[in-house]
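# task: produce atomic coordinates for the following.
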Amino acid sequence: MSLPKISQGRDAPAFQEYAASMMSRMEYRLLNLSQRGLLYTLRLECWVNQSLPRDPKKLAIVLGLPVDEVATILPYLSKFFHFNGEILTCIELEKYREHLQEKRNRQSEGGKESRRRFKEKLASTANNGVKVPSIHDVSNLQVLRQDKSNSGKSNTAYSKGGSLKDYLDDNDLPF
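Numbering: from 1, shown residues only. A predicted model of the protein is given here:
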């Protein structure tokens, strides 16, 4: 099962997690170091792949870890993962992924609505004979004038044959 892409055709690159939220959970605090290591390895894998094989032997092969270690530790992690048939998923991360997708969809819909309102406004003003400036209308362009504070003096660094000292002497510099 592939979930929809988040933006620009790519999956969300990361999930946000507050360390205190995980570290304050009693289930986490009761894990030893190797159990915590496998927990985070599985969470990271679940973020990238959405699910993993439930079977400890297949899971160990996917993770590149010893089968006996994975088989021994996996039961301790049952409070963090959902075991459904042949697959293991992290419900917490899937809910977060859905949240990101919903947020992206709302942003997309908001952008479409804003564009629709802009087009309506543009059409209504065009029907009233009022000319609405376009971002591509060259008649609205203005020529930028040069700074006239050093009238008669060039703002180039220094001309051929001139020295840096002459340039510094001829121009009012703030230093």
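
# I'd like to know which elements the longest helix along the chain is packed against.
If you go by DSSP state H, the chain has its longest helix at helix 91-127. Secondary structure elements in contact with helix 91-127, counted by 3 or more CB pairs under 8 Å, 6 or more residues apart in numbering; DSSP states H and E, are helix 33-49. No exception for glycine: its C-beta is placed from N, CA and C like everyone else's.

# packing partners of the helix it packs on?
By contact count (3+ CB pairs under 8 Å, 6+ apart), the secondary structure elements abutting helix 33-49 are strand 52-53, helix 56-63, helix 67-73, strand 87-89, helix 91-127.

# how about it: buried residues?
Neighbour-count burial for helix 33-49 flags 35, 36, 38, 39, 42, 43, 45, 46, 47 (criterion: 16 or more other CB atoms under 10 Å).

# CSV for those, including distance to residue 68?
Formatted as CSV, the entries for those read as follows, by distance: CB to CB, whole Å:
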residue, distance to residue 68
35, 14
36, 18
38, 13
39, 18
42, 17
43, 22
45, 19
46, 22
47, 26
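
# which one of those is nearest residue 61?
Ranked by distance to residue 61 (CB to CB), the buried residues of helix 33-49 are led by residue 45 at 12.5 Å.

# surely the closest one touches residue 65?
No - under the criterion of CB atoms under 8 Å, residue 45 lies out of contact with residue 65, with a separation of 11.1 Å.

# so how many other residues sit close to residue 89?
If you count neighbours by other CB atoms under 10 Å, residue 89 ends up with 18.

# wait, it sits on residue 95?
No - using CB under 8 Å as the test, residue 89 is too far from residue 95 to be in contact (10.7 Å).

# quick revisit: need the helices and strands packed on helix 33-49 in TSV with distance to residue 31 and mean pLDDT, can you?
Supplementary listing: these in TSV, determined by distance: least, CB to CB, whole Å; pLDDT from 0 to 100:
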stretch	distance to residue 31	mean pLDDT
strand 52-53	18	94
helix 56-63	17	94
helix 67-73	9	96
strand 87-89	17	93
helix 91-127	16	84
